[in-house]
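>>> Fold the following and give me the result.
(4 chains)
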2 protein chains.
Amino acid sequence: MTYSEENYLKVIYHLSTGNSKGITTNAIANEMESKPSSVTDMVKKLAEKELVAYKKYQGVSLTEKGRQHAVMIVRKHRLWEVFLVEKLDFSWDEVHDVAEQLEHIKSEKLIDKLDEFLDFPTEDPHGDPIPDRNGKIAKMEKQLLSETSLNTKVICVGVKDSSSSFLQYLDKQQIALGSAIEIISREHFDQSLSLKVNDKPLSVSNKIAANLFVKPL
Amino acid sequence: MTYSEENYLKVIYHLSTGNSKGITTNAIANEMESKPSSVTDMVKKLAEKELVAYKKYQGVSLTEKGRQHAVMIVRKHRLWEVFLVEKLDFSWDEVHDVAEQLEHIKSEKLIDKLDEFLDFPTEDPHGDPIPDRNGKIAKMEKQLLSETSLNTKVICVGVKDSSSSFLQYLDKQQIALGSAIEIISREHFDQSLSLKVNDKPLSVSNKIAANLFVKPL
DNA sequence: CTATATTTTTAGACAAAACTAAAAATGTTT
DNA sequence: AAACATTTTTAGTTTTGTCTAAAAATATAG
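Sure, this is the predicted structure:
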């Protein structure tokens, strides 16, 4: 499996979660910053290899085989992110590009040993679950802050958007995984929220709240 | 710089050490398990980029710029080898192929942090020196066991051949970096040696002795 | 239910990196 | 120094992954 094929599988996998329909050519092209025609070509190749199911004009979806491959790439990506943060002192907004490269290293032994070295982490630095060596993903209870009712006490368990600009905003506001958040009030006009984060008052826009995962205390 | 260009630079660098002349197309093709015509093509490209000096039919040599690049690849390769052995419990005969992949990961921060994490090692698991972040290589005193005079006490500090078959042979004979070796006698007929390794007698062929680096105690 | 707009696919081209086969240059022998 | 052998380069293909532009299919709107 080539570097490029792996990237396509990964993108299709990510677009598939919470999307039971076929993934469109355009959606993939957008995500990969490439052109729809390139996607069509590659998708045909992946279909040849039975990694995706594809019918002209109907979009693609991963086969079980393709899903397994994709999950392993995600596993590698997230384990490397943990390594970078825990062992090499990277911050959570710096890990993505490097992990993007490391995820393509081919060695089962490497990834299993790394997993062990990191003490079998179940989540990456952004709160996303790490598939185990059999591809099993422990799913955890979490909801978006924007969809949480007033006067609830929750803790931050993940981010939906992991762009560095969002992560740096969170750093600035001293919001991290594990932070205690209480929802005080919601502004009707723009859905912005008044919070207490670690007992300090903070107001956040709906866009922020819609990208923070929390779970009830 | 592409993956492939990096591999060429690395091979040319390795062929260059202890070889002041131009490196031949054939030598490179051999080392890379490719064809001379492919080498000619790539060498032209590297010459365009001023990474090598090249005159038709005269072989190639690295420019200073090319040497710097090559040294950085070697630095990455060897640091990753240390990581694999020290942190992930790989044995010294298992690290090469994985390090071959890891050496192409592009991130200065990654490699400097890794260096720090490993406590700035100066040698890889085979006793080869690790260039520092400025490309400086601490050279150490070492000689081949085959060229060491009788009745000398030495310690093993490196291997010339790091193929897994050789390394596994050394494991079997319990020869490792740091092992104390005394040269008892040399057979005139085949240049084989009688040794004491960690006080136990052992006879080795010239081929073995010609691939073991030692230094006087 | 046509007409129009959008999406997707096809066809053809290109760049990178490899190859084979043939030509050119260099080396080696006598 | 001519003849032969070897090495290196050139010329032309191939494969992978991308692209543009045009054609085909699907979706949307009046």
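>>> Now for the residue most central in space within chain A: which residues touch it?
What sits nearest the mean C-alpha location of chain A, by C-alpha atoms, centre = their mean, is A:Asp128, with 5.7 Å. By C-beta atoms under 8 Å, 6 or more residues apart in numbering or on different chains, A:Asp128 lies in contact with A:Arg78, A:Gly158. C-beta here means a position set from N, CA and C on the backbone, and glycine is covered the same way.
>>> at 10 Å what do you get?
Shown here is A:Asp128, whose contacts under the criterion C-beta atoms under 10 Å, 6 or more residues apart in numbering or on different chains are A:Val74, A:His77, A:Arg78, A:Glu81, A:Ile137, A:Gly158, A:Val159, A:Lys160, A:Ser162, A:Phe213.
>>> Give me the domain ranges for chain A.
Chain A breaks down into these domains under automatic domain parsing: A:3-62, A:143-216.
>>> Compare those and report which one is nearest to DNA strand C.
domain A:3-62 (2.8 Å; C-beta to the nearest atom of the strand).
>>> and that closest one, anywhere near chain B?
Yes. Domain A:3-62 lies within reach of chain B by C-beta under 10 Å from any C-beta of the partner chain, at A:Tyr3.
>>> about what we covered before: nearest to A:Glu94, out of the domains of chain A?
A:Glu94 lies closest, by C-beta to C-beta, to one member of these: domain A:143-216, at 7.3 Å.
>>> Show the end-to-end separation of the closest one, please.
Taking C-alpha to C-alpha, to the nearest Å as the measure, domain A:143-216 stretches 9 Å from start to finish.
>>> Pull the distance from it to the chain's centre.
18 Å (C-alpha atoms, centre = their mean, to the nearest Å).
>>> What parts of chain A come near DNA strand C?
Contact residues, chain A versus DNA strand C (C-beta under 7 Å from any atom of the strand): A:24-27, A:36-37, A:39-41, A:43-44, A:54, A:56-59.
>>> Contact residues of chain A facing chain B?
Residues of chain A found near chain B, taking C-beta under 10 Å from any C-beta as the criterion, are A:3, A:80, A:83-84, A:87-90, A:94-95, A:97-98, A:101-102, A:104-107, A:109-110, A:112-114, A:116-117.
>>> quick one on the thing from earlier: out of the domains of chain A, the one nearest DNA strand D is which?
Closest of the domains of chain A to DNA strand D is domain A:3-62, at 3.3 Å (criterion: C-beta to the nearest atom of the strand).
>>> which one's the longest helix in chain A?
helix A:64-86 (DSSP state H).
>>> can you pull out the helices in chain A?
Applying DSSP H to chain A gives helices spanning A:3-16, A:25-32, A:36-48, A:64-86, A:96-102, A:108-117, A:164-172, A:206-209.
>>> for those helices, which one ends up most surrounded?
The highest average neighbour count among these, using mean count of other C-beta atoms under 10 Å in any protein chain shown, belongs to helix A:64-86 at a mean of 21.
>>> mean confidence score for it?
For helix A:64-86, the mean per-residue pLDDT is 98.
>>> same deal with stretch A:9-29?
The predicted model assigns stretch A:9-29 a mean pLDDT of 93.
>>> Can you give me the end-to-end span of it?
Stretch A:9-29 has an end-to-end distance of 13 Å (C-alpha to C-alpha).
>>> cool, and stretch A:119-133?
By C-alpha to C-alpha, the extent of stretch A:119-133 from end to end equals 13 Å.
>>> With distance to DNA strand D added, can I get the domains of chain A in JSON lines?
Shown next, in JSON lines, are the domains of chain A (distance: least, C-beta to the nearest atom of the strand, whole Å):
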{"stretch": "domain A:3-62", "distance to DNA strand D": "3"}
{"stretch": "domain A:143-216", "distance to DNA strand D": "21"}
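>>> As a markdown table, the contacts of A:Asp128 with distance to B:Lys49 would be great.
Below are the contacts of A:Asp128 laid out as a markdown table (distance: C-beta to C-beta, whole Å):
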| residue | distance to B:Lys49 |
| --- | --- |
| A:Val74 | 36 |
| A:His77 | 31 |
| A:Arg78 | 36 |
| A:Glu81 | 33 |
| A:Ile137 | 44 |
| A:Gly158 | 44 |
| A:Val159 | 40 |
| A:Lys160 | 42 |
| A:Ser162 | 35 |
| A:Phe213 | 46 |
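>>> Pull the most distant pair out of those.
For the contacts of A:Asp128, the maximum inter-member distance is 18.3 Å, found between A:His77 and A:Phe213 (C-beta to C-beta).
>>> per-residue pLDDT, the nearest residue to A:Ile28 once chain neighbours are set aside?
In this structure, A:Ile28 finds its nearest non-sequential neighbour in A:Val39, 4.7 Å apart by C-beta to C-beta, 6 or more residues apart in numbering or on different chains. According to the prediction, A:Val39 has pLDDT 98.
>>> right, is the longest helix of chain A up against DNA strand D?
No. For helix A:64-86 and DNA strand D, the contact criterion (C-beta under 7 Å from any atom of the strand) is not met; the two come no nearer than 14.0 Å.
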